[in-house]
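**Student:** A predicted structure for the sequence below; I have some questions about it.
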Amino acid sequence: MGLGDEMVERARAEAAQSPASAPAGEGTDALRGEAAALAAALPEPPAYRRARDPAREKAQELLPVAVSLLSRAFAAAEAAPAGGRETRLAQALEAQVRALAAMAEGDIAAGDDLAREARALWRERGRVGALFAAGAPPTRKAFDREAGTSRYDPLPEPTLAAELFCPNQGCQRPSPYELSPAHATHRFRCARCEKPFTGHFVELRSAQARSIGSATHYALRVFPLGGGEATLEFDDTSGGSLSATQGDLLVLLYAGTGSLGAVENLSTGQVLWIAPKGACFLATAVYGEGAAELDDFRRFRDRVLAARAWGRALIRLYFAVGPSLARMARRNPALGRLARRGLEALRPRLP
Ligand SMILES: [Zn+2]
């Protein structure tokens, strides 16, 4: 019996001893979060054998964590309906445990195959509720000597069907589109508002987010569809967050004006609406883009509010409700006039 089998057996025995205490739902959410963190930390299998391989050490370190997660996943799957999210999560985690065990033992070939299988299953587990179908993103070996293919070859799948949100101001509505996964950048015309937009499709390798003032700076390491590797950086002041793990298929949606409007995680259906630095949803909707009045409100936000803890809480609240307020004001002229009167009364009092 190999180390992988041994570890899976251990998780099964632990699960049998301590069945799921929490009902499906909250407990499973916590488990999914921890599993996502593990999937993101899964090391790339070593490219060749080395005496002290960092990937091997990392695998040895992660293996006990993975086994304990797997035992919780087995228990959760036992308590949940067969074939549901919990079952898929347990399958994905079992593949991760086997991949980590092979890497921890220094078995490179098996580790590479198992890690690819683990990534595919990890993506599969999220297909329930995902916003795209057909044509999975590339999961092939960097270079497959037998087949003579590489991860960077165009994909054989002819089309990818995806539900994309229009990033144009005032629209932000979803429609189904089809595209070729052979390259990363595609132009679309919104089926709802007929404005053009651009989508840049990438598979996530790793993501970093850090706060700078009221903005969050994102740096994503990605494999663009069709080939290559890139780092994408952008700022967001919406107060929202991007939840994505290694292997997720993301699309960066640029409005016709060229500004990044949204980042959509096609594997989970989550959308992060980007608010650029200096954005002021409601005032922009009321006064129009580029209006001089906007500067007064931005100055107030950046100099007065952002400098105080209660002000920052207010900014976060505003960014949470601001976009929907702005949408309402744009669609309902009476509401827009009311908002304008409110803002006009406030403006002379701004310091
Ligand atoms: Zn549109």
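**Tutor:** Everything's here; your move.
**Student:** Strands along the chain, start to end?
**Tutor:** All strands of the chain, identified by DSSP state E, fall at 132-133, 143-144, 149-150, 160-165, 174-179, 185-189, 196-212, 215-224, 230-236, 249-255, 260-265, 271-273.
**Student:** The ion contacts on this protein?
**Tutor:** The chain has residues Cys166, Asn168, Cys171, Cys190, Arg192, Cys193 near the ion, with proximity defined as C-beta under 5 Å from the ion. Every C-beta, even on glycine, is put in place using the N, C-alpha and C of the backbone.
**Student:** Please convert those residues to a markdown table, extending it with neighbour count.
**Tutor:** Formatted as a markdown table, these follow (neighbours: other C-beta atoms under 10 Å):
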| residue | neighbour count |
| --- | --- |
| Cys166 | 26 |
| Asn168 | 22 |
| Cys171 | 20 |
| Cys190 | 22 |
| Arg192 | 12 |
| Cys193 | 17 |
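**Student:** what residues does stretch 245-254 touch?
**Tutor:** 36, 39-40, 42, 119, 122-123, 126, 132, 137, 139, 162, 164-167, 197-206, 220, 222, 232, 234, 244, 260-268 (C-beta atoms under 8 Å, 6 or more residues apart in numbering).
**Student:** and the residues you listed, which are buried?
**Tutor:** Among the contacts of stretch 245-254, those buried by neighbour count (16 or more other C-beta atoms under 10 Å) are 36, 39-40, 42, 119, 122-123, 126, 132, 137, 162, 164-167, 197-205, 220, 222, 232, 234, 244, 260-268.
**Student:** thinking again about what came up before, can you tell me which of the residues of the chain next to the ion is nearest Phe300?
**Tutor:** Ranked by distance to Phe300 (C-beta to C-beta), these are led by Asn168 at 27.5 Å.
**Student:** which residues touch the closest one?
**Tutor:** Asn168 neighbours (C-beta under 8 Å, 6+ apart): Cys190, Cys193, Lys195, Phe197, Ala255, Gly256, Gly261.
**Student:** Could you double-check that the fourth one lies in contact with Ala255?
**Tutor:** In this case it means Phe197. Yes - between Phe197 and Ala255 there is a contact at 5.8 Å, judged by C-beta atoms under 8 Å.
**Student:** what touches both of those two?
**Tutor:** Common neighbours of Phe197 and Ala255 (C-beta under 8 Å, 6+ apart) are Pro167, Asn168, Gly261.
**Student:** And those residues, which is closest to the ion?
**Tutor:** Nearest to the ion among the shared contacts of Phe197 and Ala255: Asn168, at 4.8 Å, using C-beta to the ion.
**Student:** any idea how far Leu70 is from that closest one?
**Tutor:** 44 Å (C-beta to C-beta, to the nearest Å).
**Student:** Ok, Phe201 next?
**Tutor:** Taking C-beta to C-beta, one finds Phe201 at 32 Å from Leu70.
**Student:** With Leu63 instead?
**Tutor:** Counting by C-beta to C-beta - Leu63 and Leu70 are separated by 10 Å.
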